[in-house]
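Asks: Mind folding the following:
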Amino acid sequence: MEGAVVARCGRKRTRNRKARKCKSFALRHCRPVRDMAAVGQRLVACMLNISEARGRDVVAQVAHAAIACRGGQWREGTTVLNVFSDEEYNRSVITIVARIDVIALALALTSRVDGTSAFFFGSADVPRNRGLAQRRREMGWFKKVVDMSTIHPDVGPSPQRRYGLTGVGASPYVMNCNVTIDTQDLAVGRKVAAALRESGEAGLPGIQVLALPHEGAVEIACNVKSIPCSSSWAGTVPWPAFSISGRAYHHVPARLITARVAQLAGTHGVAVRGTALVGFTPRECRVLAEWALTLGIGEFWTKQHQLYM
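Replies: Numbering: from 1, shown residues only. Sure, this is the predicted structure:
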């Protein structure tokens, strides 16, 4: 599968969850179109996170602006596949897919919006290709008090607190998989998260984890990175896989994440409530994006239930 690339632009990682809806009908009936092969190779998905969920009109306006030209018309080659809002966290995740050059995107952003500045990561960080976490550390992203004068963006003026600093880049698809465990004890959740993340004692490759209180329980919120295929990790059951420019990638499946969380939480006498994905798997994202772009649907998220549910 070509074109499973994710771009991330924003100030914070997602803390949202989504009760995952069945997409089996869509994946059976919305097949990739053959003459879309060239399009698929250039598709970029952006999971845009915004600190708003309770004002639904505001969220809808942001989603529309993501695919609109200055005059308000639909920008050809773009679509919003999904909008998920979590009112408890007051955050929304907007899944945007487009044919775009991420470096050109950063240049356009800083030239059109006064005061904005950006740094590059992933494939946009030429030639070093540094990851988002590394770039954030270099920028002082995780410090409680940041000295803005020490930050040197790749594009735009010296950053100002009013406008912040935007990370722009592209990497193999990152999926969000959240497992809820039946406890309010955040300490237990943190122990599970520490063991689950890639560097942990029971860690899974490509997994970044936080434990967060949510709706009277604890959510094990995972970023699931796609990594180069390696037989040393996948075991006897193949993991979901795709390719970008001829290079093969795969990712830990949600079932394995759920099983590992259940095992780790079980040692503390805690059960799993359920698992949810925010947005799509790489395959779902690509198939639905190609279908939406073939049909010329910009606001796919407003029509998806009419089309395939």
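Asks: going on from the least confident helix or strand in the chain by mean pLDDT, what's the next piece of helix or strand?
Replies: Scoring the helices and strands of the chain by mean pLDDT, DSSP states H and E places helix 37-40 at the bottom, with a mean of 38. Later in the chain than helix 37-40, the nearest helix or strand by DSSP states H and E is strand 43-50.
Asks: average pLDDT for the next helix-or-strand element following that next one?
Replies: Once the chain leaves strand 43-50, the next helix or strand it forms, by DSSP H and E, is helix 56-65. On average, the pLDDT along helix 56-65 is 93.
Asks: which helices and strands sit right next to helix 56-65?
Replies: With contacts taken as 3 or more CB pairs under 8 Å, 6 or more residues apart in numbering; DSSP states H and E, helix 56-65 sits against strand 43-50, strand 78-86, strand 91-99. Every C-beta, even on glycine, is put in place using the N, C-alpha and C of the backbone.
Asks: Now mean pLDDT too, for those, in CSV please.
Replies: Rendered in CSV, the data for the helices and strands packed on helix 56-65 read as follows (pLDDT from 0 to 100):
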stretch, mean pLDDT
strand 43-50, 88
strand 78-86, 92
strand 91-99, 91
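Asks: Throw the ones you listed into CSV and include distance to R130, thanks.
Replies: Rendered in CSV, the data for the helices and strands packed on helix 56-65 read as follows (distance: least, CB to CB, whole Å):
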stretch, distance to R130
strand 43-50, 19
strand 78-86, 27
strand 91-99, 24
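Asks: Looking at those strands, which is nearest to V155?
Replies: Proximity of these to V155 was assessed by CB to CB; the nearest stretch is strand 43-50, lying at 17.1 Å.
Asks: Can you give the strand pairings for that closest one, parallel or anti for each?
Replies: Looking at strand 43-50 with DSSP bridges, its paired strands and their directions are strand 5-7 (parallel), strand 91-99 (antiparallel).
Asks: Of those, flag the one that's most buried.
Replies: Mean neighbour counts were compared across these using mean count of other CB atoms under 10 Å; the top stretch is strand 5-7, at a mean of 25.
Asks: So the spatially most central residue of the chain versus A221, what's the distance?
Replies: When CA atoms, centre = their mean is applied to the chain, the residue found nearest the centroid is M47 (4.4 Å). Using CB to CB, to the nearest Å, M47 is found at 13 Å from A221.
Asks: okay, R13: pLDDT?
Replies: Looking at R13, the pLDDT reads 37.
Asks: going forward can the numbers begin at 19, since that is how I track them
Replies: All set: I'll call the first residue 19, so the last point we hit is now R31.
Asks: tell me the residue furthest from the middle of the protein?
Replies: Outermost in the chain, CA atoms, centre = their mean: G287 at 31.4 Å.
Asks: so where is this protein shaky, pLDDT-wise?
Replies: When the per-residue scores of the chain are filtered using pLDDT under 70, the ranges that remain are 19-60, 249-254, 323-327.
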